[in-house]
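> attaching a predicted model along with its sequence, questions to come.
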Amino acid sequence: MPDDVATARAAAEEESAFSHPPVDPDVTAAYGDHPDQVIDFYTPRATEPAPLVVVLHGGAWRAAYDRRHITPFAGFLAHRGFAVANVEYRRGADGPDSVGAAGRWPDTFDDVAAALDALPALVREALPGADPRRTVITGHSAGGHLALWAAARHLLPADTPWRTDRPAPLRGVVALAPIADFTVAHKLDVCAGAAVQLLGGEERFADRVPYADPARLLPTGIATTLVQGRTDDVVPHTVAEAYTEAAAKAGEVVGLTLLEEVGHFPLIDPAADACAVVAEEIAQLAW
């Protein structure tokens, strides 16, 4: 495909995904004191009890992108019969010289760990119709990284407070165009070096990557599927393929659904066929 045609299609996909009005949650609950430490809950629009889908939004871990852009996707899942928990977390970085930087170390990871730990109690209060025994975690792009990471906390080095003593009680993970392998993402300069920024820069990258890179935290023992557009020019499919190869070397089979003529954003666009594929992948693990 000519470059100008591919660029135009990618732009149209992004415009479509961001054209939907935000969908307000039914309930919002805090899991900490910071304004970003909140979870939006969406009641399932179907027979209860319903599987619980935990959503982690993308945006290269940068402050400009919050959970609001993925609320149409959360609402879409609720209308498909899922109970939904849309997690916010701290992004960006502190200080006047860090405008546009990706993530905060260790705050971004602190928040995801704290949100998942607080979730069972919050779900009992906010979503009585949810069945937490059938929980699937999903995330898009940088959120896909966080979903894979959250499912691998029992494999983290022993000197981190994020480590758990057993695997998370999940039915599975569905990671959407995830930044799943930091070494490959670094080589490809995915999202303008976001993975390196998340870990505090080049001087910290090597030391911190064992605590953050899902491709190094395998095998998880949790059913995992990656969904990826083959024409994604934001997070190329080679990143997802590197993760599945790392999983295979670790003795784990990870599913990879590659969608032809699909880029980065249709995976979370309720108007796109790719979004229905994502919902079906989630349903296969949840039910």
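Yep, it's here.
> check which helix or strand covers Ala240.
For Ala240, the host element (DSSP states H and E) is helix 237-249.
> now do the nearest residue to Phe265 once chain neighbours are set aside against Gly103, distance only.
Once flanking residues are discounted, Phe265 sits nearest to Ala17: 3.8 Å by Cβ to Cβ, 6 or more residues apart in numbering. (C-beta placed from N, C-alpha, C; glycine too.) Distance of Ala17 to Gly103, computed by Cβ to Cβ, to the nearest Å: 22 Å.
> which of those two has more neighbours?
The neighbour count for Ala17 versus Gly103, taken as other Cβ atoms under 10 Å, is higher for Gly103 (27 against 24).
> residues contacting the more buried one?
61-62, 91-93, 142, 194, 197-199 (Cβ atoms under 8 Å, 6 or more residues apart in numbering).
> quick check, pLDDT for the nearest residue to Thr43 once chain neighbours are set aside.
Leaving out its chain neighbours, the residue that sits closest to Thr43 by Cβ to Cβ, 6+ apart is Asp26, at 4.7 Å. On pLDDT, Asp26 comes in at 97.
> could you do the one 3 residues further on as well?
Looking at Ala29, its pLDDT stands at 98.
> and the helix or strand that contains it, what does it pack against?
Element membership of Ala29 [criterion: DSSP H and E] is strand 27-30. Contact here means 3 or more Cβ pairs under 8 Å, 6 or more residues apart in numbering; DSSP states H and E; on that basis strand 27-30 packs against strand 38-42, helix 107-126.
> just these: most buried one?
When the helices and strands packed on strand 27-30 are scored by mean count of other Cβ atoms under 10 Å, the highest mean neighbour count falls to strand 38-42 (a mean of 23).
> run the chain-centre distance for that strand.
Here strand 38-42 is found 15 Å from its chain centre; the criterion is Cα atoms, centre = their mean, to the nearest Å.
> next one: stretch 167-186
The answer for stretch 167-186 is 7 Å, by Cα atoms, centre = their mean.
> also stretch 136-145?
Remark: stretch 136-145 is offset 1 Å from the chain centroid, using Cα atoms, centre = their mean.
> how long is that stretch end to end?
15 Å (Cα to Cα, to the nearest Å).
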